[in-house]
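# here is a sequence with its predicted model. Questions after.
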Amino acid sequence: MPKAIQIYQTGGPDVMQWLDVEVGEPGPGEVRVRHHAVGLNFIDVYFRTGLYATPLPTGLGKEAAGVIEAVGEGVTALRPGDHVAYAGGPLGAYSEARVMPAEFVVRLPDAIGFETAAAMMLQGLTAQYLLRRTYRVQPGDTILIHAAAGGVGLIVCQWAKALGATVIGTVGSDDKAALARAHGCDHAIVYTRENFTELVRELTGGEGVAVVYDSIGRDTFMGSLDCLRPLGMMVSFGNASGPVEPISPLLLSQKGSLFLTRPTLFAYIAKRHDLEAMAQELFDVVASGQVKIAINQRYALRDVAQAHSDLEARKTTGSTVLLP
């Protein structure tokens, strides 16, 4: 019988249990996927802790890659034996096999393997919408990306550099600064000892950056606003340090008529044609070598509690995969 991670209450990493599960046959519009690799993302922590509410008991995980074992009625775009990946749909990727809606699943090109796919789908599609849709980065732009040595950060650094941008990133250590620079970050700021707002202003000659991509949340939000040029865009796409406190819209006008958005990947990929187009652009930049996916940690899926502990302690860099 296949196994999966389940939680019956929210809390720390210890609430995750490795249990036998019934998978069954796919119904109309569904597929059954045998996972070869599963992605680890900070959103998984949000669901585990209850920051993002979901009915209990529940599985966890939004991203995986594997092989189609069976398809349900009405599924024509996928067939048994296809190599596929996904980064959306119902929770439950932390599993050896599962049934899920086919609308979230895309076929992998031959150049993309299972581990690479599981390491890049959620983070890579996030980078795609950040750089190409939320704020469309242009040659000559200067951008700021927090957590530049993380999974999304390393992809954003490479992709933005390929687009002709100057990339400023914040990181937590000298080792992470070196990693970010090796992936296209022009200026890596070690936030634990340097004031990132002052340095961004210095690096931009006082002008500020066109856009800030902030997945840290509470600890960096106000400083990020002060990094922006007039009419700049603040993109708050995560809460690694906790949720941002409410602010008055008047503050945005006082700081230069700023734009503020709080996007989620799942809104951007809600329409099938958007998912397919975004995934194709991601596959293209990875297959071309412009963006390299750094898989810097691997854990057995049953050891996911340790993976969560390391992720929350900011011990990880790049992407992490869980192996069933």
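Perfect, I can see it now. Numbers count the residues shown, from 1 in each chain.
# tell me the buried residues in stretch 160-175?
Residues of stretch 160-175 classed as buried: 160-163, 165-172 (neighbour count, 16 or more other Cβ atoms under 10 Å). Glycine gets a C-beta too; all of them are placed from N, C-alpha and C.
# which stretch of helix or strand covers the residue at minimal distance from the centre of the chain?
In the chain, the residue lying closest to the centroid (Cα atoms, centre = their mean) is residue 123, at 3.0 Å. Taking DSSP states H and E as the criterion, the element that holds residue 123 is helix 114-129.
# show me what the very next helix or strand once past that helix is packed up against.
Using DSSP H and E, the helix or strand that follows helix 114-129 in sequence is strand 142-145. Applying 3 or more Cβ pairs under 8 Å, 6 or more residues apart in numbering; DSSP states H and E, one finds that strand 142-145 contacts helix 151-162, strand 166-171, helix 196-203, strand 209-214.
# using CSV, list the CA coordinates for the host helix or strand of residue 284.
Per DSSP H and E: residue 284 is located in helix 272-287. Below are the C-alpha coordinates for helix 272-287, written out as CSV (Å, rounded to 0.1, in the frame of the first residue of the first chain):
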residue,chain,number,x,y,z
ARG,A,272,-5.0,26.2,-18.0
HIS,A,273,-3.6,28.2,-20.9
ASP,A,274,-1.7,30.4,-18.5
LEU,A,275,-0.2,27.4,-16.7
GLU,A,276,0.9,25.9,-20.0
ALA,A,277,2.4,29.1,-21.3
MET,A,278,4.2,29.8,-18.0
ALA,A,279,5.5,26.3,-17.8
GLN,A,280,6.8,26.4,-21.4
GLU,A,281,8.7,29.6,-20.8
LEU,A,282,10.2,28.0,-17.6
PHE,A,283,11.2,24.8,-19.4
ASP,A,284,12.8,26.9,-22.2
VAL,A,285,15.0,29.0,-20.0
VAL,A,286,16.1,25.9,-18.0
ALA,A,287,16.7,23.7,-21.1
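# what's the average pLDDT for the helix or strand hosting residue 253?
Taking DSSP H and E as the criterion, residue 253 maps to helix 249-254. Summarised as a single mean, pLDDT over helix 249-254 is 96.
# if we can go back for a sec, so which of the helices and strands packed on strand 142-145 comes closest to residue 286?
Between residue 286 and the helices and strands packed on strand 142-145, the tightest spacing by Cβ to Cβ is seen for helix 151-162, at 8.9 Å.
# what is the closest one packed up against?
Applying 3+ Cβ pairs under 8 Å, 6+ apart, one finds that helix 151-162 makes contact with helix 114-129, strand 142-145, strand 166-171, helix 174-182, strand 319-323.
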